[in-house]
Every structure is written in structure tokens, then in C-alpha cells.
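Enquirer: Sequence below, structure please.
(one chain, ligands or ions: 1)
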Amino acid sequence: MCGIIGYIGNKEAMPILLQGLRRLEYRGYDSAGIAILNDQETRDKIQIQRIRAVGKIDALADKLKNKDKEMKGTIGIAHTRWATHGGVTEENAHPHFACDGKLIIAHNGIIENYRQLKEHLGAKHSFKSETDTEVLAHLIESHYDGDLRRAVEKALMHTRGTYGLVVMHADHPDKIVAARLGSPLVVGIGDGEYYVASDAAPLLAYTKKVAFLNDGEIAEISRSGFETFNLRDESVTKCVEEIEWNEEKAQKQGYDDFMLKEIFDQPVVYEDAIRGRIDLEEGTAHLGGLDMSDAEMRSVNRIILIACGTALHAAMAGKYAFERLSGIPTEVDVASEFRYRDPIIDNKTLVFAISQSGETFDTLAALREAKRKGAFTRGIVNVIGSTIARETDGGTYIHAGPELAVASTKAYTNMVAILLLYAVQFGRLRHMTVATGQRLVRALMEIPEKMQVILKKSEEIKKLAGKYSGYHDFLFLARGINFPVASEGSLKLKEISYIHSEAYPAGEMKHGVNALLSPEFPVLAIMTKNQLYEKMRSNIEEVRARKSKVILLASEGDAEAQSLADDIIYVPQTMELLEPLLNTIPLQLFAYHMAVILGKDVDRPRNLAKSVTVE
Ligand code: AGP
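Expert: Just a heads-up that it's a prediction; the model follows:
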């Protein structure tokens with residue numbers, strides 16, 4: 001939920017750290033800070049300079065202007081914050097010093113027992129902030145006897161909670177110590193220079209060689225390399241991975257916002273998701289990372305999909321696909337509820353943890369609970385090497401590329417795509433015929449072109465958003481597999497335009513929600529040609545009878561739909577189970593344009609972060 005970056009090398013650290021913070025800003029942006037260890041030999045003593053600012057990275061950049069002399073040095077750490085403990089103030093911004101001004105840390109996560117630790121440290125230590133992180137700085141200082149890494153190890157043995165942590169000390173101008181438990185950290189490997197960051201995005205400008213720290217690992221990073229240890233001080237070997245993304249891909253590529261770029265990315269990244277995984281001849285899918293034998297896959301008698309937010313809506317769509325194509329009973333669980341409901345699990349239960357970031361605390365905790373109870377576990381994740389990806393018994397990367405907008409779009413459609421591929425694979429291992437499988441695979445292959453047809457309607461949808469930008473409440477209505485689509489459309493509108501909306505199964509309207517219908521309460525309804533078309537039609541007639549305006553998502557060629565709608569968006573037809581891949585896109589565009597019209601910060605909406613790594 002916060003962004004961390006550290007640098008040690010032969011270049012001035014400040015510009016590198018500031019640029020890195022800008023690429024991490026989506027992880028949290030209520031305040032930021034940079035600390036540089038001024039390692040100039042001319043100085044009578046090595047010291048650490050720190051500058052912090054409340055607000056986004058630009059506020060920090062303003063304070064750094066004309067500070068080149070003060071902030072001179074080739075080693076530094078930096079942090080952009082999403083507040084968890086303590087308000088949004090400069091004093092609470094990271095990095096945080098310990099007492100002597102020689103040790104400084106930046107931290108992502110929550111130290112749950114920080115109050116007890118603060119009491120334990122007692123009056124000998126004076127605290128300036130309300131943060132758990134500052135307590136950790138003083139705790140490390142209290143263990144410091146000249147060996148920085150050991151001091152960090154000893155201190156962390158006393159903590160409870162999560163951390164992604166970088167530490168510098170004026171006595172050690174040649175190293176940064178980094179440690180992770182529950183919050184991601186990745187080491188970037190350059191030529192005589194090294195980086196450490198919360199994720200790979202800020203490293204792309206400098207290197208594609210990375211090593212992901214695992215929970216419980218600690219790294220000592222110097223200009224000549226890095227060593228990794230566990231908390232028992234035993235050396236740990238790390239493999240260096242070559243990440244696929246270049247910085248270009250993580251840029252906006254000419255779009256006004258990352259979100260719009262990522263909406264338009266969908267046809268291309270969808271192809272990345274299915275490439276090499278579909279088999280038209282056999283009418284099936286082949287998903288690597290599912291290291292279960294066919295017999296084990298046949299033995300699965302229950303599937304549970306756990307996720308949060310947008311990933312949860314993908315899971316909701318996946319449920320329909322698994323049950324209809326494989327015949328396996330499938331449940332969807334809100335991850336934050338799952339572990340507290342005492343789920344019944346056995347070794348024939350397959351649990352999928354679905355997560356774009358692969359770091360969502362609730363999903364990770366639910367996954368761990370499922371593993372504890374003996375389930376097969378698989379990840380459906382976007383970020384390579386993320387914690388969920390590494391803690392599941394296997395899984396599938398969705399290959400959506402870096403998704404930098406807080407509002408998830410391309411990751412959603414790729415999650416749905418992977419869930420459909422799994423459903424086809426399981427179905428073909430059971431009763432599904434090759435002909436049915438081939439029809440599904442052919443339909444999956446036609447999706448990118450159909451996505452492009454919808455994306456060409458962006459300007460039309462922008463006009464529609466403008467027409468409805470004065471309303472304060474919206475209802476998204478649908479049935480069947482389009483109810484997850486309506487749920488996702490409603491979440492998009494809420495999280496970036498701040499307009500209240502809710503999604504409702506259309507059949508439920510008569511049980512109470514009809515009372516809300518009025519000219520001030522527009523309804524966006526999905527009435528595409530599928531088995532529930534007639535049912536939806538009568539629901540929409542009820543809505544219109546109560547004078548609510550109706551925006552209709554209808555199938556191309558459905559002329560009758562005109563009589564039911566104040567406004568209509570036509571979408572290409574596809575097989576019913578594949579509709580979420582298409583029908584969600586107009587809703588993403590509707591929310592995006594509405595937010596832009598209302599002047600919202602589309603990529604970094606208020607109160608939200610891209611990766612929620614605390615409970
Ligand atoms: C979606 O637009 C939101 N940003 C949020 O609901 C997100 O989907 C949720 O926090 C789950 O994140 P994850 O996919 O990284 O686990």
C-alpha cells in the first residue's frame with residue numbers, strides 16, 4: 001500500500017529515487033520523502049539528509065528544487081505513503097530516523113505490536129511521529145552494535161505484523177539493508193548499481209534483471225552486489241529473473257490517463273492471456289503451472305474462488321463458467337470473509353486465489369487458510385513473482401502487463417479469460433465434447449476483434465456520460481453471467497467518479513429496490529441476446545413504467561431494444577459465458593468518461609490504493 005525505492009551505485013541518488021517514486025505513486029500518495037546518505041569524502045562526517053512533503057510526489061519535487069548540494073550522494077531511500085497508522089502529516093511521512101539521526105528506515109506494512117514495542121523502548125527514546133515505522137527505527141537502533149543487518153534481524157524477531165523495509169545507516173555508506181514479510185520487495189540488478197523497490201515498475205527504466213525477496217528474507221545490498229539471508233542469519237540463494245515489461249509499456253503511450261490506456265490495452269493483453277494456452281483441434285485449453293495430473297483434476301469435487309474487489313467480480317463470472325462447462329460445484333468467497341467463516345475444505349477442494357497485484361492481504365490470508373486446511377491451491381495473478389503467485393501450489397499468470405491505474409480494467413478481462421480457459425480444460429477432462437470445446441475456443445479467439453468494435457464507441461459513450469453526469473445515483477441491472485458485469489460496472493463508477501451506484505440482479509428488483517425507481521435514478525441495464533433476454537426485457541419494462549431513465553446495453557441488430565431505452569449501446573454478440581469479456585468494456589468507458597467530465601483524478605482516486613496489503 002506504500003511505495004518504497006532504494007538506490008546504491010555510482011550516480012546521484014536523488015533524481016533516480018524521485019523518478020522511481022513517480023512510478024510507485026499509485027501504491028499510495030498522501031505523502032512522500034527521500035533520504036540521501038551524503039558520502040562525500042570532503043565532509044568531516046558522513047550524514048543523512050532527509051526531505052519530506054505531504055501530498056503527491058510533485059509536492060516533494062518542489063521541496064527538492066535547488067537542494068542538489070544538500071541532497072548529494074549516491075545512496076538513498078525514498079517512500080510514498082498510504083496512511084495506516086497516524087494521520088497524513090509531514091511528521092508521519094517516511095523515511096523515519098531513530099534517535100541518533102544516523103539510522104533511517106522506510107517501511108510498507110503494519111507492525112501490529114508497535115505500541116508494546118514503544119513501551120518496551122521506554123523513555124530512552126523520543127518519538128516524533130504517530131507511526132509504527134518510527135518505533136521500528138528505534139527498535140533497530142536499540143539492537144545496533146555496528147552490524148546493521150544483524151540489528152535489523154534482531155529487531156524484526158520482536159515484531160508482529162508485516163513489513164517491506166529498507167534501512168540506511170551513516171556508519172555504512174556502502175550498503176542498504178532490505179527485509180520483507182508480507183509486503184513485497186524486489187531487488188533490481190544494474191551494472192555496479194543496485195535498486196530495491198516495492199515492485200518492478202520503477203526499475204524498468206534501469207534494469208530488467210530482478211530478484212524477488214520472499215517472506216522472512218533480508219538482503220544486504222552494496223555497489224558490488226547483494227546477499228540474501230533468512231532471519232536465522234543463514235544465507236539464501238536467489239535466482240535472478242528477467243522481467244518482460246519494458247518501461248515503454250508502463251507509460252501512458254499517449255493516452256491522458258493510465259486507466260484509458262489500460263482499457264484500450266485489453267484486446268492486446270487478452271491475446272497475451274490466451275496465447276499458447278488454447279487448442280482448437282482438441283477444443284481445449286492447456287494451462288501451465290497447474291501441476292495437477294489429469295486424474296487429480298478429475299478428482300476435484302469442489303472449487304472455491306477467493307478474491308476482492310474487481311477480482312471478485314471476475315470470480316463471480318468464473319463460477320458460471322466452471323459450473324456450466326465442468327459440472328463442478330463452484331463457490332465464490334469474498335476473501336476477507338472466507339477465513340472467518342470456517343470454510344469446509346478437504347483435499348478434493350481446489351481453491352483459486354485471484355489477484356492482480358498478488359499482494360492483497362485479505363486474499364493472501366484466505367489462501368493461507370485454505371492451504372492450512374489441505375486444499376489444492378492455485379493462483380490467477382498478474383504480477384510475476386508476487387506473494388500469492390509464489391505461495392500457491394501452482395497457478396497461471398494473466399499477462400495483463402503493468403496495471404498502474406488504481407481502477408482495475410485489463411486485469412479483470414484477463415482474469416475472466418483465464419477462468420474460462422480453466423473451465424474449458426476441466427470440462428474437456430470430463431463430459432464436454434470436442435465440438436463444444438472447439439466452439440468455445442473459436443469464440444475465445446474472436447474476442448479481440450469484438451473488443452475493438454466496442455472500443456471504437458468510446459466517443460459515443462463519452463457523450464452518454466456527459467448526458468448523465470448530473471445524476472447522483474445509478475442502478476446497474478442484469479441477470480445471469482451479466483450480473484458480475486453489472487457489479488464490476490458499478491464498482492468502476494463508484495471508485496473513480498465517486499457517484500453512488502449499486503448492481504442488482506434484475507429479478508430481485510420487485511423485492512424492494514423498485515421503491516428507488518424515479519426520474520432521478522437512472523438504470524443501466526444489460527439486455528444482450530441470451531437465454532435470459534425475455535426475462536430482462538420484462539424487468540426493463542417495469543423500470544420504465546416507474547419513469548427511471550434506461551441506458552441499455554443490447555446486442556448488435558436488436559432493433560426492438562430501441563423501444564425500451566432512453567439511450568442504447570450496442571455490443572457484438574458472443575457465446576453467453578464469454579459476455580463478460582465484452583460487456584464490461586462499455587461500462588469501464590462509461591465510468592472513465594464520467595470521472596473525467598467530473599474532474600476526478602482518474603488514475604489515483606481518493607481513499608484508494610492499487611494494492612491493499614493490510615487487513
Ligand atoms: C478495482 O478497481 C480496485 N482497485 C480493487 O477493488 C481491487 O480489485 C482489489 O483491491 C483487489 O486487488 P487485487 O486484484 O490486486 O487483489
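Enquirer: from here on, contacts and neighbour counts on C-alpha atoms
Expert: OK.
Enquirer: Just the residues contacting the helix or strand bottoming out on mean pLDDT in the chain, thanks.
Expert: None of the helices or strands of the chain scores lower by mean pLDDT, DSSP states H and E than helix 294-299, at a mean of 85. The contact list for helix 294-299 (CA atoms under 8 Å, 6 or more residues apart in numbering) reads Lys348, Phe426, Leu429, Arg430.
Enquirer: try it again with 10 Å
Expert: Contacting residues not belonging to helix 294-299 are listed as 290-293, 326, 328, 347-350, 376, 425-427, 429-430 [CA atoms under 10 Å, 6 or more residues apart in numbering].
Enquirer: which parts of that helix are buried?
Expert: Within helix 294-299, the residues that count as buried by 16 or more other CA atoms under 10 Å are Met297, Arg298.
Enquirer: Sheet-wise, list the partners of the next helix or strand after that helix with their directions.
Expert: The first helix or strand that comes after helix 294-299 along the chain, using DSSP states H and E, is strand 302-307. Sheet pairing here is set by DSSP bridges, and for strand 302-307 it gives strand 330-334 (parallel), strand 349-355 (parallel).
Enquirer: since we're on Asp279, how many residues are nearby?
Expert: Residues near Asp279, counting by other CA atoms under 10 Å, number 17.
Enquirer: For it, which residues are in contact?
Expert: Ala285, His286, Gln425, Gly437, Gln438, Val441, Arg442.
Enquirer: Point me to the residue sitting closest to the centre of the protein.
Expert: Ser357 (3.5 Å; CA atoms, centre = their mean).
Enquirer: Verify the contact between that residue and His399 for me.
Expert: No - with contact defined as CA atoms under 10 Å, Ser357 does not reach His399; the gap is 11.7 Å.
Enquirer: which residues are common contacts for these two?
Expert: Val381, Asn382, Val383, Ile384, Ala411.
Enquirer: I figured the third one hits Thr360, correct?
Expert: No - with contact defined as CA under 10 Å, Val383 does not reach Thr360; the gap is 11.5 Å.
Enquirer: Neighbour count: the two, which is higher?
Expert: Shown here are Val383 and Thr360; by other CA under 10 Å, Thr360 has more neighbours (26 against 23).
Enquirer: And the strands in the stretch 51-200 of the chain, which stretches?
Expert: 75-81, 96-97, 103-108, 163-169, 176-181, 186-189, 194-197 (DSSP state E, counting those that start in this stretch).
Enquirer: Actually, the stretch 201-350 of the chain.
Expert: For the stretch 201-350 of the chain, the strands defined by DSSP E, counting those that start in this stretch occupy 209-212, 217-222, 225-230, 235-236, 241-242, 278-279, 284-285, 302-307, 330-334, 349-355.
Enquirer: closest to the ligand out of those strands?
Expert: strand 349-355 (3.5 Å; CA to the nearest ligand atom).
Enquirer: Can the helix or strand just after the closest one be said to contact the ligand?
Expert: For strand 349-355, the following helix or strand on the C-terminal side (DSSP H and E) is helix 361-372. No - if you take CA under 6 Å from any ligand atom as the test, helix 361-372 misses the ligand, and the best it gets is 6.5 Å.
Enquirer: and the angle from the following helix or strand past helix 361-372 to helix 361-372?
Expert: Per DSSP H and E, helix 361-372 leads on to strand 376-381 as the next helix or strand towards the C-terminus. In terms of direction (axes from the mean of the first three to the mean of the last three CA atoms, to 10 degrees), strand 376-381 departs from helix 361-372 by 160 degrees.
Enquirer: can I have strand 376-381 written out in CSV, keeping just the CAs?
Expert: Provided in CSV are the C-alpha atoms of strand 376-381 (Å, rounded to 0.1, in the frame of the first residue of the first chain):
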residue,chain,number,x,y,z
PHE,A,376,-5.2,-27.7,-3.7
THR,A,377,-4.4,-24.0,-4.3
ARG,A,378,-3.8,-22.2,-7.5
GLY,A,379,-3.2,-18.5,-8.2
ILE,A,380,-4.6,-16.4,-11.0
VAL,A,381,-2.3,-13.4,-10.7
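Enquirer: coming back round to it: which of the strands paired with strand 302-307 is buried the deepest?
Expert: Comparing the strands paired with strand 302-307 by mean neighbour count (mean count of other CA atoms under 10 Å), strand 349-355 ranks first with a mean of 28.
Enquirer: So for that one, mean pLDDT?
Expert: Mean pLDDT, strand 349-355: 97.
Enquirer: Which single residue of the stretch 401-550 of the chain ends up nearest the ligand?
Expert: For the stretch 401-550 of the chain, CA to the nearest ligand atom, closest residue to the ligand: Ala407, 3.4 Å.
Enquirer: State the number of residues packed around that residue.
Expert: If you count neighbours by other CA under 10 Å, Ala407 ends up with 27.
Enquirer: From Leu364, how far off is it?
Expert: Separation of Ala407 from Leu364 (CA to CA, to the nearest Å) stands at 20 Å.
Enquirer: quick one, what contacts Ser469?
Expert: Lys463, Ser497, Ile499, His593, Met594, Ala595, Ile597, Leu598.
Enquirer: Tell me if I'm right that Glu520 and Val550 touch.
Expert: No - with contacts counted by CA under 10 Å, Glu520 stays clear of Val550, the gap being 11.2 Å.
Enquirer: quick one: which of the two has more around it?
Expert: Higher neighbour count among Glu520 and Val550: Val550, with 23 against 15, using other CA under 10 Å.
Enquirer: Which of the strands of the stretch 201-350 of the chain comes out lowest on mean pLDDT?
Expert: Note on the strands of the stretch 201-350 of the chain: lowest mean pLDDT is at strand 241-242, with a mean of 88.
Enquirer: helices or strands up against it?
Expert: strand 209-212 (3 or more CA pairs under 10 Å, 6 or more residues apart in numbering; DSSP states H and E).
Enquirer: pLDDT averaged over stretch 402-413 - what is it?
Expert: 93.
Enquirer: tell me which parts of the chain are close to the ligand?
Expert: Contacts of the chain with the ligand, taken as CA under 6 Å from any ligand atom, map to 308-311, 355-358, 360, 406-408, 610-612.
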